[in-house]
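**Student:** From the sequence below, what's the structure:
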Amino acid sequence: MTTGGYPPPQQDPRATGGHPGGAPSYGATPPDYTQQFPQYGAPQTGDPQYGAPQYGTPQNGTPQFGAPQFGAPQYGAPQYGAPQYGAPQDGGFGGPGFPGPDPNSGAGTPGELLPRLGARIIDGLIVGIPMGILNAIMIIASGGSGFVDFFMTVVSGVVAFGYWTYMESARGATIGKKLLGLSVAGPAGGNPTIEQAAKRNAFVALQILTGIPLLGFLAGLLSLAAYIGIAVTIEQDGNKQGFHDKFAGGTQVRKS
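**Tutor:** Model (predicted):
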């Protein structure tokens with residue numbers, strides 16, 4: 001049969017059937033297209049699987065770039081035994097060869113005799129001037145009564161003794177001592193107890209007896225002797241403790 005001058009169609013050699021143009025023949029086995037396309041969910045060649053390590057993912061035991069290593073010093077972290085910036089070095093304040101300030105300088109140093117004497121004079125004026133004015137008023141008001149004079153002398157002695165005892169035990173210093181930078185410390189440190197303050201100022205109580213005839217004269221001599229003895233023992237003692245400090249159990253006047 002002729003094709004009108006055209007050559008007959010050639011069969012595709014890749015075709016499995018005999019149908020011209022590669023079409024499958026009737027009854028021929030169709031091609032398996034499932035072999036040419038991947039199944040849904042099937043792993044592809046070269047694709048990473050779920051749970052499999054990805055590129056750039058840290059592996060067990062493999063250090064990552066920039067990750068801190070065990071035992072390796074970190075940038076800016078203090079090193080064991082290395083001095084830190086701003087930390088004091090051996091030698092204390094100022095570095096080696098420059099000793100720091102002495103913590104015991106000034107405070108705690110025993111008070112000298114002259115400042116202590118000056119403080120005693122200031123306190124004597126603080127107590128004596130008001131009491132002297134009150135004494136004069138009472139004597140004038142009583143018409144010069146000897147009993148009033150004796151009574152006011154006793155009151156003045158009690159006030160003076162109470163002033164030194166209270167101020168040293170409760171405040172650690174009288175007003176005169178505070179003005180001159182002094183304080184009184186007990187044997188165990190801190191303020192002396194009221195008993196210790198009373199013992200170290202017992203000689204002040206002699207003023208109570210000065211209003212009694214004859215006995216007052218002896219009390220005045222004893223008071224003068226006490227002041228002299230205190231001054232001498234202060235100068236002779238290394239800790240500047242007078243015998244009244246030793247009598248009180250070891251009190252000490254210090255620079256505050």
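**Student:** residue boundaries of the helices in the chain?
**Tutor:** Secondary structure of the chain, counting by DSSP state H: helices at 113-142, 146-166, 175-179, 194-200, 215-236, 243-247.
**Student:** quick one: contacts of the fifth one?
**Tutor:** Put plainly, it is helix 215-236. By Cβ atoms under 8 Å, 6 or more residues apart in numbering, the list of residues contacting helix 215-236 from outside reads 113, 116-117, 153, 203, 206-210, 212, 240-244, 246. To be clear about C-beta, it is placed using only N, CA and C from the backbone, and glycine gets the same treatment.
**Student:** in this protein, what spans have low per-residue confidence?
**Tutor:** Applying pLDDT under 70 to the chain picks out residues 1-107.
**Student:** Against residue 160, how distant is residue 154?
**Tutor:** Plainly put, residue 154 is 11 Å away from residue 160 if you go by Cβ to Cβ, to the nearest Å.
**Student:** And these two? Which one has more around it.
**Tutor:** residue 160 (21 against 15; other Cβ atoms under 10 Å).
**Student:** Please name the nearest non-neighbouring residue to the more buried one.
**Tutor:** With Cβ to Cβ, 6 or more residues apart in numbering as the criterion, residue 160 has its nearest non-adjacent residue at 4.9 Å, and that residue is residue 127.
**Student:** so what's that neighbour up against?
**Tutor:** By Cβ under 8 Å, 6+ apart, residue 127 lies in contact with 156, 159-160, 163.
**Student:** try residue 169
**Tutor:** 191-194, 196-197.
**Student:** now these: which count as buried?
**Tutor:** For these, a burial check counting by 16 or more other Cβ atoms under 10 Å picks out 191-193, 196-197.
**Student:** Can you say which two of the residues you listed are spatially most distant?
**Tutor:** 191 and 196 (9.0 Å; Cβ to Cβ).
**Student:** which residues sit in contact with residue 110?
**Tutor:** The contact partners of residue 110, taken as Cβ under 8 Å, 6+ apart, are 239-241, 252-255.
**Student:** Restrict those residues to the buried ones and give me that as a PyMOL selection.
**Tutor:** Selection of buried members from the contacts of residue 110 for PyMOL, criterion 16+ other Cβ under 10 Å:
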select buried, resi 240+241+252+253+254+255
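**Student:** Closest to residue 149 out of the contacts of residue 110?
**Tutor:** Lowest distance from residue 149 to the contacts of residue 110 (Cβ to Cβ) belongs to residue 253, with 34.2 Å.
**Student:** if we can go back for a sec, can you put the buried ones among the contacts of residue 169 in JSON lines and add distance to residue 174?
**Tutor:** Compiled in JSON lines, the buried ones among the contacts of residue 169 are given as follows (distance: Cβ to Cβ, whole Å):
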{"residue": "191", "distance to residue 174": "12"}
{"residue": "192", "distance to residue 174": "12"}
{"residue": "193", "distance to residue 174": "16"}
{"residue": "196", "distance to residue 174": "15"}
{"residue": "197", "distance to residue 174": "10"}
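**Student:** Is residue 152 in contact with residue 135, as I believe?
**Tutor:** Yes. Between residue 152 and residue 135 there is a contact under Cβ atoms under 8 Å: 4.2 Å.
**Student:** of the contacts of helix 215-236, buried ones?
**Tutor:** Neighbour counting by 16+ other Cβ under 10 Å classes 116-117, 153, 203, 206-210, 240-244 among the contacts of helix 215-236 as buried.
**Student:** which of those residues sit farthest apart?
**Tutor:** Maximum pairwise distance among the buried ones among the contacts of helix 215-236 (Cβ to Cβ): 32.2 Å, between 153 and 240.
**Student:** Understood, closing this out.
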